[in-house]
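Chemist: 3D, please:
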Amino acid sequence: MTTPIAVVLAAAITAAPPPRPPNILIISLDTVRADVVPGFGGDAALSPTLTAWVRESTRFADALTVAPLTVPAHASLLTGRYPAQHGLRDHRAHPEVTVPDSLVAKAKARGFATAAFISAAPLNGLGKKLGFDHVDLPGVVEPRAALETTDHALAWLAAQPDRTPLLAWVHYFDAHYPYDPPQVTWRRCPMAARDAAIDLVRHGGVLDCQELRPKTVPQAWWRPCLWDLYESEVAAIDRQLARLRPAMGRHGPYIWVIIGDHGDCIAEEGMHARHATSLAECALRIPLAIGSTLRPPVAAARRDPVSTIDVAATVAGLAGLAPTGTDGVDLFAGEAPASRTRYVEGAGINMPGCQEPVAGAWRGDTKVVFYPTTGEWSAWRRQRGVLREITRFGDLGVEGERLWLDVVRRPPPPTGVLGLPGGAVSAEEQRTQEALHALGYAQ
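Modeler: You can find the predicted model right below:
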C-alpha cells in the first residue's frame, strides 16, 4: 500500500523542474590570429587573463576559420554551417536570407536570455538576424574599443536574474587594422621607427589590397613595428577580459569559448593587414579554446583538424541543448578524423586587386585553392612541417585531384560585392556601408 507521504514525494519529484543549464559566454576576437594568443604562441606576460583562461580550456591547435571575413565567419560560428549553407558570404545586409536554426535559437528554446555585444558595424545586422533578445551596437560608424563594449556587457549581466540561464556573445574589434592601442608595448620595433610607424598606421589609410611600400619606415622594420602595435591591441582586450571573467563567474557555472573569427597577414605575402581575400595560413589559422567551470581543466592541446563550424554543436552538447548545425561536429564527442575536409572561402571586395573571390579546402596535409572567375588554381602539401607548393597538376595525386574537384564543384563565393550598393538602402545599411569604407573594405 502506498503511503500518503510516498505519493507526495513522488509527485514532487515528477514536478521538479529540469536542472538549470550552465551559462554560455562566447568571446570572438576579430582579426586575431592564433600565434598572438597565449597557449598558441603568444606572449603570456602581455595577456595574463587570456593565459589563465586558455590554460583552463581545451585548446585546439589546428583550428581554421571558414572565411577570412567578419560576417560569414561569425555566422558560421553561431550556426554551425558553412557560408554556402547559411547564405551570409560577405558584408552585405542580405534581407532575403533567413539564417538556419542557430545556437541562439536552441538556447532561447531552453529559456536562455541571449545578448550580443558588437564592436563594429559589419556585424550590425547579424545579431538581429540570429535572433538575440538584446543586441548592443556601437553608436557611431567607427568601431568601439574593448573598454566600452565590456562596460555594456557588464551592465547587462548585472541586470540579469540569477535563475535565468544566459548566453552572451561579446565581440572585440580592437585588433583590426588600423591599430591604435591605448598603450603600446614596444619589443621589436626600433626606437627610430616608432613615431613614423604610428603616424603611418593612423593616417596612411588601409592598404588591404595594395602593395606594401611604406616610404617613411624601412621595410625591414615594418613587420616588427606592426606586430608590436597588433600585439598591444590584443593586450588591451585582455585587460577588459579581466573584468568580464569574474562577472560571468558570479552568475554560476558557465561554458566559455574564446575564438578568433579569422587571422591577419601582417607584412606577409607582400601586403600588410590583409585577410579578406587571402587563404594563406596567417589569415585562416585561429585560436580556439573551449572550457567550462563544470569540467576539469585540460592543459594539453588537441591537434585534430577543427573548424569554426564545430563550435555551435560543441557548445550545444556541453549545455545540453538540442543539436544544431549540419556541417560541424561536437568536438567532445570524439576527435575529428585526420582525413576530414575543411572548406574555406574569401568573397571579392570592391578594391583594386581584391575583386576576385577565392575558394579552397584543407584535407590532411594538402591544401587546394581555386579562383572561380579565372579557373586558376594553386595547391600545397605539408612535408616535414613545411608547406611546399605543388606546381604541376599531375603531382596532386589521386586524393589531391579529388580535393580539387570537390572545391571546384562548390558554389563560388561572390565577386567584388562590398562597395556601396546602388538604389535605395535603409539608414542602417548605409551606416554599415560607410563603416566598411572607413575600414578599407571598399573604395
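
Chemist: End to end on stretch 319-331, go ahead and measure it.
Modeler: End-to-end distance of stretch 319-331 (C-alpha to C-alpha, to the nearest Å): 13 Å.

Chemist: What is the neighbour count of the closest residue to Y82 other than its chain neighbours?
Modeler: Excluding the flanking residues, the one nearest Y82 by C-beta to C-beta, 6 or more residues apart in numbering is D327, at 5.2 Å. For glycine as for every other residue, the C-beta is placed from the backbone atoms N, C-alpha and C. Neighbours of D327 under the rule other C-beta atoms under 10 Å: 20.

Chemist: Check D101 too.
Modeler: When neighbours are counted by other C-beta under 10 Å, D101 comes out with 18.

Chemist: Model confidence for P214, exactly?
Modeler: Here the pLDDT value assigned to P214 is 52.

Chemist: re earlier: doesn't the residue nearest to Y82 lie inside a helix?
Modeler: No: applying DSSP: H, G, I helix; E, B strand; the rest coil, one finds D327 to be coil, outside a helix.

Chemist: Let me see the contact set for the most centrally placed residue in the chain.
Modeler: Nearest to the mean C-alpha position of the chain, by C-alpha atoms, centre = their mean, lies D261 at 1.4 Å. Listed by C-beta atoms under 8 Å, 6 or more residues apart in numbering, the contact partners of D261 are 28-32, 65, 70, 73-74, 77, 286, 308.

Chemist: neighbour-wise, which of these leads?
Modeler: T308 (32 neighbours).

Chemist: which stretches of the protein form helices?
Modeler: Remark: helices assigned in the chain by DSSP state H are 4-15, 48-55, 70-79, 83-86, 103-109, 126-130, 146-158, 191-203, 219-249, 281-284, 310-319, 397-409, 427-438.

Chemist: Reformat the ones you listed into TSV and put distance to Y343 and mean pLDDT next to each item.
Modeler: Shown next, in TSV, are the helices of the chain (distance: least, C-beta to C-beta, whole Å; pLDDT from 0 to 100):
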stretch	distance to Y343	mean pLDDT
helix 4-15	47	48
helix 48-55	27	96
helix 70-79	10	95
helix 83-86	8	91
helix 103-109	20	95
helix 126-130	20	91
helix 146-158	31	98
helix 191-203	33	84
helix 219-249	27	93
helix 281-284	11	90
helix 310-319	13	95
helix 397-409	7	92
helix 427-438	25	63
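
Chemist: which stretch among those helices comes nearest S339?
Modeler: helix 397-409 (8.7 Å; C-beta to C-beta).

Chemist: Okay, buried residues for the closest one please.
Modeler: 400, 403-404, 407 (16 or more other C-beta atoms under 10 Å).

Chemist: now swap in stretch 197-204 and tell me
Modeler: 197-198, 200-201.

Chemist: C-alpha coordinates for it, PDB please?
Modeler: What follows is stretch 197-204 as a C-alpha-only set of coordinates in PDB (Å, rounded to 0.1, in the frame of the first residue of the first chain):
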ATOM      1  CA  ALA A 197      55.000  53.700 -37.800                       C
ATOM      2  CA  ILE A 198      52.300  55.100 -35.600                       C
ATOM      3  CA  ASP A 199      51.700  58.000 -37.900                       C
ATOM      4  CA  LEU A 200      51.500  55.800 -41.000                       C
ATOM      5  CA  VAL A 201      49.000  53.400 -39.400                       C
ATOM      6  CA  ARG A 202      46.800  56.200 -38.100                       C
ATOM      7  CA  HIS A 203      46.900  58.400 -41.200                       C
ATOM      8  CA  GLY A 204      48.100  56.300 -44.000                       C
END
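
Chemist: Any regions of the stretch 251-400 of the chain where pLDDT drops low?
Modeler: 269-277, 296-300, 324-325, 349-355 (pLDDT under 70).

Chemist: 80 instead?
Modeler: Along the stretch 251-400 of the chain, segments meeting pLDDT under 80 span 267-278, 295-300, 323-326, 347-356.

Chemist: quick one on the thing from earlier: if we only consider the buried residues of stretch 197-204, which is nearest to P22?
Modeler: V201 (40.7 Å).

Chemist: Run a quick check on the closest one versus H176, I expect a contact.
Modeler: No: V201 lies out of contact with H176 (C-beta atoms under 8 Å); the separation is 11.8 Å.
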